[in-house]
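Student: Sequence plus the predicted model coming up.
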Amino acid sequence: MMALLAFLEACFKLDFANRKRLKLKDSLTKILIKLFNQKHNKAKLMDDIIKGWQKEGLLSHLEYDRINSAFKLRHWIAYGQYWSPEKIKPHDFLEVAEFVEGLINSRTFKTADIDLIGI
């Protein structure tokens, strides 16, 4: 599960970097380029990049919540021995795998027939 979430994080970050590099003209790219100009490579995954996707309507509120919950669980697994998890929904491997596969296969990371993450 950790590898799947790391893969999903890499997809969002590659998409972010490639939209800047290719200077695409869609509305999401404009938001992400503005974000890049403000924060450079220090943009936070959930608070900045994925929130931009949600604002553009490319991720539903439910999808955003599922991603956020999965990343909170990943963070707790990695660093959580020092606190107890509050409001972290448990996820099983198949649920995360199906969700990540659905995002990748839905052409989420493609625009104008350009594959922004290289898969």
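Tutor: Nice, thanks for sending it over.
Student: Strands along this protein, start to end?
Tutor: 110-111, 114-115 (DSSP state E).
Student: just for the chain, where's the confidence low?
Tutor: 81, 83, 112-113, 119 (pLDDT under 70).
Student: Need the outlier residue of it, farthest from its centre.
Tutor: Most distant residue from the mean C-alpha position of the chain: Tyr82, 25.9 Å away (C-alpha atoms, centre = their mean).
Student: who touches Leu14 in this structure?
Tutor: Listed by C-beta atoms under 8 Å, 6 or more residues apart in numbering, the contact set of Leu14 reads 109, 116-118. For glycine as for every other residue, the C-beta is placed from the backbone atoms N, C-alpha and C.
Student: So it versus Gly52, what's the distance?
Tutor: Noted for Leu14: a distance of 15 Å to Gly52, by C-beta to C-beta, to the nearest Å.
Student: Can you report how many residues neighbour the closest residue to Ala97 other than its chain neighbours?
Tutor: Using C-beta to C-beta, 6 or more residues apart in numbering and skipping the chain neighbours, the partner closest in space to Ala97 is Leu4 (5.9 Å). Leu4 is flanked by 16 other residues according to other C-beta atoms under 10 Å.
Student: in stretch 17-34, what counts as buried?
Tutor: 18-20, 24, 28-29, 31-32 (16 or more other C-beta atoms under 10 Å).
Student: Now that stretch - C-alpha only, CSV.
Tutor: Extracted as CSV, the C-alpha positions of stretch 17-34 are listed here (Å, rounded to 0.1, in the frame of the first residue of the first chain):
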residue,chain,number,x,y,z
ALA,A,17,6.4,19.6,-13.1
ASN,A,18,5.5,18.6,-16.7
ARG,A,19,2.6,21.1,-16.9
LYS,A,20,5.1,23.8,-16.0
ARG,A,21,7.7,22.6,-18.4
LEU,A,22,5.4,22.2,-21.3
LYS,A,23,3.5,25.4,-20.7
LEU,A,24,0.1,24.0,-21.5
LYS,A,25,-2.8,26.4,-21.8
ASP,A,26,-5.6,24.6,-19.9
SER,A,27,-7.0,26.1,-16.7
LEU,A,28,-5.4,23.6,-14.4
THR,A,29,-2.0,24.3,-15.8
LYS,A,30,-2.5,28.0,-15.3
ILE,A,31,-3.4,27.4,-11.7
LEU,A,32,-0.4,25.1,-11.2
ILE,A,33,2.0,27.4,-12.9
LYS,A,34,0.9,30.3,-10.7
